[in-house]
Structure formats: C-alpha cells, structure tokens
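A.B. asks: here's a sequence, model it:
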Amino acid sequence: MQKENQTYNITPAERLSGVSEYYFSKKLKEVAQMNVEGKDVISLGVGSPDLPPSAEAIETLCTDAHKANTHGYQPYVGIPELRKAFAGWYKKWYGVELNPANEVQPLIGSKEGILHITLAFVNPGEQVLVPNPGYPTYTSLSKLLGAEVINYNLKEENGWMPNFDELEQMDLSRVKLMWTNYPNMPTGANATPELYKQLVDFAKRKGIVIVNDNPYSFILNNHPLSILSVPGAKECCIELNSMSKSHNMPGWRIGMLATNATFVEWILKVKSNIDSGMFRSMQLAAAKALEADDSWYEGNNTNYRLRRNLAGQIMEELGCRYDEKQVGMFLWGRIPEECANVEELTEEVLHKARVFLTPGFIFGSNGARYIRISLCCNEARLEEALLRIKKLKKSNH
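C.D. replies: Numbers count the residues shown, from 1 in each chain. This is a model prediction of the structure:
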C-alpha cells in the first residue's frame with residue numbers, strides 16, 4: 001500500500017533567522033567538490049595547523065590511553081594536572097599568577113568557551129561589543145543566544161586598535177561584554193601593554209566585562225602578552241586561550257579560560273550542564289605539551305617564517321599591500337584599488353588558479369577591501385599556489 005505524501009508545517013526556531021551557516025563550512029564544501037572533480041584546490045583559508053604537537057605530548061596520549069582505568073567520565077573542572085599546567089604556563093610566559101584550583105577552567109576548545117561565557121553573563125536583549133573586523137563566532141553565537149550585537153570599529157589607520165574616543169561616545173548602558181582578540185585575527189595586529197591597560201580601565205569605569213581571546217600569542221610573536229598581567233584585570237576580564245594554534249592541536253579541542261574565582265563559578269554552572277570533561281589521556285598530554293621550552297616554539301615559528309615569506313610573495317603578486325609587523329598564523333592584505341570588490345578577486349583566484357583565499361568581508365564591513373592568507377599550508381603547496389597565481393596574472397595581461 002502506497003503511503004500518502006504528507007506535508008508537515010515545521011519551521012526552525014526563530015533564532016536561526018539571524019545567522020547563516022559558518023562561511024568556511026559552506027565554502028569548504030565547494031572546495032571539496034572541486035577536489036572530487038580533480039581540480040586540486042590549494043586551500044589557504046582555514047587556520048588549522050598542519051604540523052604535529054610535541055612528540056612528548058603524543059607519547060603521553062598513547063601511553064595513558066592504554067591504561068584500563070583512564071576512559072571514564074572526567075571532572076567538569078578538568079583534571080588537577082591540566083589546571084596546574086595551565087597556571088604554570090601563564091606564570092612562565094605571561095608573568096600572570098593564577099590559582100589552579102579556582103581561576104583556571106579547561107574547555108573543549110575556546111570556541112565553546114564563547115558560548116559558555118555569553119550564557120553566563122548576557123540576558124536576551126542585552127548588548128555585547130564585537131570588533132569589526134572580528135571572529136565571526138562572536139557575532140553568530142551572540143545572535144543565537146538573543147544578545148544584541150554592537151560593533152566597534154577596528155581600522156587600519158588606527159593600527160586595528162579600538163578607538164576609545166568612539167567607544168566613550170556610545171550608549172553602553174545595556175552592554176555586558178566586550179570581545180577583544182589580540183594578537184588580532186584577521187588583521188595580525190599585536191597587543192601592547194598600553195592597550196591592555198586602557199581596556200581594563202575602560203571595563204572598570206563602564207561596568208563591562210572584557211573577554212580577551214588570546215590563541216595566537218606564540219605564533220611569529222617574540223613577546224606573548226596577557227591582559228591579565230594588568231593589575232586588577234582579573235576583577236573585570238576573562239581571557240580565553242587555546243592549544244589549537246600555539247601547540248598544533250586544533251583537532252584535540254583543548255582550550256581554557258582564566259579569570260577570578262567568582263566568574264569561573266558562574267561559567268561552570270553553564271558548562272557543566274552542556275558538556276562533560278575531556279578524555280583524561282588528552283588532558284595529560286595537553287599538560288605535557290604545555291611544558292614545551294623556547295626551542296619547541298622557535299622550531300614551530302621557523303616553519304611559519306618560511307611560509308610567511310611565500311604568503312607575502314602571493315600578496316605582492318596579487319597587488320595587495322600588507323603590514324610587515326603582523327603576527328599570528330595569517331597574512332592580511334589590502335586589495336588593489338582597481339579591484340571592484342574582494343569577492344571578485346577571491347573567486348577568480350579560486351576558479352581560475354584553484355587557490356582558496358579568504359575574503360575579508362566575512363569578518364565584518366571593515367574587512368571588505370582585504371584578503372587573508374593562512375600559513376597552515378606546507379611550503380611546497382604555497383610555492384605551487386604562487387606559481388598558479390603568477391600564471392593567472394600573466395594570462396590576464
């Protein structure tokens with residue numbers, strides 16, 4: 001017997017109307033299809049480190065995973081070994097004292113931490129300050145949770161730093177959080193002690209919590225900084241950090257946040273109702289990775305320097321200009337004036353040269369005349385990308 005076709009009048013939650021699928025989720029499906037068709041696209045889009053973590057971290061994971069008693073649920077607060085390792089890492093590299101018992105919270109990646117923090121601090125209808133350009137998740141998650149996004153400008157002429165004169169003139173009465181991200185993604189602008197002091201002062205005067213997202217401070221950067229190094233910062237600031245970029249562990253999903261004990265307690269109320277503790281062997285391996293000395297970071301950065309040089313040549317070949325002082329694992333460049341718009345350039349490079357570059361508009365309107373190149377691609381592929389783009393430019397003349 002044939003079943004009748006039935007039409008169900010089902011609609012998604014209204015919260016989905018304000019957000020779209022993550023740009024990279026959509027675009028990488030297109031790139032994957034091009035690869036299936038044999039087009040061999042070189043992806044310089046996503047910042048997913050292609051180098052391995054330290055050998056000691058991998059060995060710790062493998063050794064501990066063989067134990068019979070290591071596979072159960074783990075504490076929501078993270079195991080003591082990992083909390084202590086994060087605290088020691090902050091002391092060694094940032095000069096910041098943290099109590100591992102109640103001022104450090106391991107996370108299943110800092111992206112998830114954005115969700116936990118927003119749920120813990122922001123009621124529906126309240127406002128959050130989000131940088132333009134900035135990491136798209138600050139905006140999308142805020143919208144999903146019913147917060148109102150208020151953009152603040154980052155501009156090249158101001159060194160991609162917040163314009164405090166503009167901020168002071170804004171109505172901030174409903175603002176609960178301000179998202180900051182230094183070393184900055186996508187622009188590569190580095191933090192300064194003066195910037196962090198200004199932000200802490202601003203937060204205290206306005207009654208706003210600053211959330212500083214800090215995953216890039218060990219990539220091509222000689223002086224890692226934490227906003228928590230400013231006296232009194234723990235009272236009004238939360239810092240997110242991640243092992244994805246700094247220790248080549250993006251797929252492991254291990255991050256953390258650091259702040260005062262009260263804020264950690266509030267966030268833990270949310271986190272403990274959403275996810276569980278990470279696999280114990282991964283936490284122990286992460287703790288081992290955090291013991292890395294200068295030579296490990298320098299070895300990592302030796303690779304990134306070589307790649308950065310090739311990315312710079314790609315920028316120049318495309319007629320883009322960029323700031324040599326950038327840090328982090330991307331290169332951010334302004335497209336030439338003769339380009340009508342950035343997507344015209346990136347689509348031509350994708351479909352004619354088979355190289356995927358990120359258009360800056362996905363990070364906000366202030367990125368509309370910029371492209372971003374990821375350094376998470378080996379030298380041979382970067383050299384091939386450069387060769388393909390040279391051929392494209394030659395064919396256009």
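A.B. asks: gap between residue 294 and residue 93?
C.D. replies: 10 Å (CB to CB, to the nearest Å). Every C-beta, even on glycine, is put in place using the N, C-alpha and C of the backbone.
A.B. asks: between these two, which one's more packed in?
C.D. replies: Between residue 294 and residue 93, residue 93 has the larger neighbour count (other CB atoms under 10 Å), namely 18 against 8.
A.B. asks: chain neighbours aside, what residue packs nearest to the more buried one?
C.D. replies: residue 224 (5.2 Å; CB to CB, 6 or more residues apart in numbering).
A.B. asks: over to the one you found: give its phi and psi.
C.D. replies: phi -60, psi 130 (degrees, to the nearest 10).
A.B. asks: show me the contacts for it.
C.D. replies: Residue 224 makes contact with 93, 94, 217, 218, according to CB atoms under 8 Å, 6 or more residues apart in numbering.
A.B. asks: tell me the pLDDT at residue 110?
C.D. replies: At residue 110, the pLDDT value in this model is 89.
A.B. asks: contacts only, for it.
C.D. replies: Applying CB under 8 Å, 6+ apart to residue 110 gives the contacts 213, 215, 240, 241, 242, 244, 255, 256, 257.
A.B. asks: inside strands: which ones of these?
C.D. replies: 213, 240, 241, 242, 255, 256, 257 (DSSP state E).
A.B. asks: the last one: neighbouring residues, count only.
C.D. replies: To tie it back to what came earlier, the one meant is residue 257. 26.
A.B. asks: who are the contact partners of it?
C.D. replies: 104, 105, 107, 110, 113, 117, 238, 239, 240, 241, 264, 267.
A.B. asks: same deal with the second one?
C.D. replies: The contact partners of residue 240, by CB under 8 Å, 6+ apart, come to 107, 110, 113-114, 117, 211-215, 255-257.
A.B. asks: can you check the first one too?
C.D. replies: With contacts defined as CB under 8 Å, 6+ apart, residue 213 is in contact with 110, 114, 135, 179, 180, 181, 239, 240.
A.B. asks: what about the helices in this protein?
C.D. replies: 23-36, 55-65, 80-94, 110-121, 136-144, 164-168, 193-206, 243-246, 261-271, 280-289, 294-317, 342-353, 379-396 (DSSP state H).
A.B. asks: give me the contact list for the fifth one.
C.D. replies: Residues from elsewhere that reach helix 136-144, judged by CB under 8 Å, 6+ apart: 15-16, 18-19, 22-23, 111, 114-115, 118, 122, 128, 130-131, 148-149, 179, 362-363.
A.B. asks: likewise for the first one?
C.D. replies: Under the contact criterion CB under 8 Å, 6+ apart, helix 23-36 has outside partners 41, 43, 45, 46, 136, 350, 354, 356, 362.
A.B. asks: and those as a markdown table, adding neighbour count?
C.D. replies: Output for the contacts of helix 23-36, formatted as a markdown table (neighbours: other CB atoms under 10 Å):
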| residue | neighbour count |
| --- | --- |
| 41 | 21 |
| 43 | 23 |
| 45 | 25 |
| 46 | 15 |
| 136 | 17 |
| 350 | 22 |
| 354 | 20 |
| 356 | 23 |
| 362 | 18 |
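A.B. asks: how about a markdown table for the residues you listed, with pLDDT and distance to residue 175 added?
C.D. replies: Below are these laid out as a markdown table (pLDDT from 0 to 100; distance: CB to CB, whole Å):
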| residue | pLDDT | distance to residue 175 |
| --- | --- | --- |
| 41 | 93 | 41 |
| 43 | 93 | 37 |
| 45 | 89 | 32 |
| 46 | 85 | 31 |
| 136 | 92 | 20 |
| 350 | 94 | 38 |
| 354 | 96 | 44 |
| 356 | 94 | 36 |
| 362 | 92 | 24 |
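A.B. asks: and the furthest pair within those?
C.D. replies: 136 and 354 (24.9 Å; CB to CB).
A.B. asks: just the buried ones from the contacts of helix 136-144?
C.D. replies: 23, 111, 114-115, 118, 122, 128, 130-131, 149, 179, 362-363 (16 or more other CB atoms under 10 Å).
A.B. asks: before we move on, back to that, of all the contacts of residue 213, which comes closest to residue 230?
C.D. replies: residue 239 (10.8 Å).
A.B. asks: out of the contacts of residue 224, who's the most crowded?
C.D. replies: Of the contacts of residue 224, with other CB under 10 Å as the count, residue 218 tops at 23 neighbours.
A.B. asks: wait, it touches residue 244, no?
C.D. replies: No: with contact defined as CB atoms under 8 Å, residue 218 does not reach residue 244; the gap is 11.4 Å.
A.B. asks: closest to residue 167 out of the contacts of residue 257?
C.D. replies: Closest approach between the contacts of residue 257 and residue 167, by CB to CB: residue 238, at 18.7 Å.
A.B. asks: so what's the closest residue to residue 218 other than its chain neighbours up against?
C.D. replies: Spatial nearest neighbour of residue 218, excluding adjacent residues (CB to CB, 6+ apart): residue 246 at 4.2 Å. Residues near residue 246 by CB under 8 Å, 6+ apart: 215, 216, 217, 218, 219, 297.
A.B. asks: what's near enough to touch the third one?
C.D. replies: Taking CB under 8 Å, 6+ apart as the definition of contact, the neighbours of residue 217 are 182, 183, 191, 224, 225, 226, 246.
A.B. asks: okay, the residues you listed in CSV with distance to residue 58 and pLDDT next?
C.D. replies: Shown next, in CSV, are those (distance: CB to CB, whole Å; pLDDT from 0 to 100):
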residue, distance to residue 58, pLDDT
182, 30, 97
183, 27, 96
191, 31, 95
224, 24, 96
225, 29, 98
226, 27, 98
246, 16, 94
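A.B. asks: buried among the residues you listed? Make that a PyMOL selection.
C.D. replies: One line in PyMOL is enough to select the buried ones among the contacts of residue 217; burial here means 16+ other CB under 10 Å:
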select buried, resi 182+183+191+224+225+226+246
